[in-house]
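Undergrad: need a structure here:
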Amino acid sequence: MRVPVLTAVSDAVWEAELVAALERGDLGVAVVRRCVDLADLLATATTGSARAVVLSADLRRLDRDALTRWWPWPAPGRRAPSCCPPTCAGSTGTR
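TA: Residues are numbered from 1 along each chain as shown. Below you'll find the predicted structure:
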């Protein structure tokens, strides 16, 4: 079973290369949506269609407040993994 993943990357060329590598590799992931910005990412994350996100640290408007609103995804049955509690994700923005 492949893990459904969202992407939100500020560099379109790098993002295309990333998605191609994820799709052709045997990494056990499936990119279910390539989000165009933070608002798109947050809206899509709330649908529960993905279990992971790959994003740019320099994504426009990505800050502690955005992560606090996003983590954990408010999908039914979704909870933060024990390896990355909300305080961890909110403090660095990199997990």
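
Undergrad: residue ranges for the strands of this structure, please.
TA: Shown for the chain, the strands assigned by DSSP state E span residues 3-8, 29-34, 52-55.

Undergrad: is it possible to export the ones you listed to a markdown table including mean neighbour count?
TA: Where you see a C-beta, it was placed from the backbone N, CA and C, and this is true even at glycine. Shown next, in a markdown table, are the strands of the chain (neighbours: other CB atoms under 10 Å):
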| stretch | mean neighbour count |
| --- | --- |
| strand 3-8 | 19 |
| strand 29-34 | 17 |
| strand 52-55 | 15 |
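
Undergrad: the helices in the chain, which residues?
TA: 12-24, 38-45, 64-70, 86-92 (DSSP state H).

Undergrad: between these, which one is nearest to Ala30?
TA: Using CB to CB as the measure, helix 12-24 is the one of these that comes nearest Ala30, at 7.6 Å.

Undergrad: what mean pLDDT does the closest one have?
TA: Average pLDDT, helix 12-24: 90.

Undergrad: list the buried ones in that helix?
TA: Using 16 or more other CB atoms under 10 Å as the test for burial, helix 12-24 gives 15, 18-19, 22.

Undergrad: could you dump those residues to TSV with distance to Val36?
TA: Output for these, formatted as TSV (distance: CB to CB, whole Å):
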residue	distance to Val36
Glu15	10
Leu18	15
Val19	13
Leu22	18
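
Undergrad: Out of those, which is nearest to Ala43?
TA: Glu15 (18.1 Å).

Undergrad: what residues are up against the closest residue to that closest one other than its chain neighbours?
TA: Excluding the flanking residues, the one nearest Glu15 by CB to CB, 6 or more residues apart in numbering is Val9, at 3.6 Å. By CB atoms under 8 Å, 6 or more residues apart in numbering, the contact set of Val9 is 15, 18, 54-56, 59.
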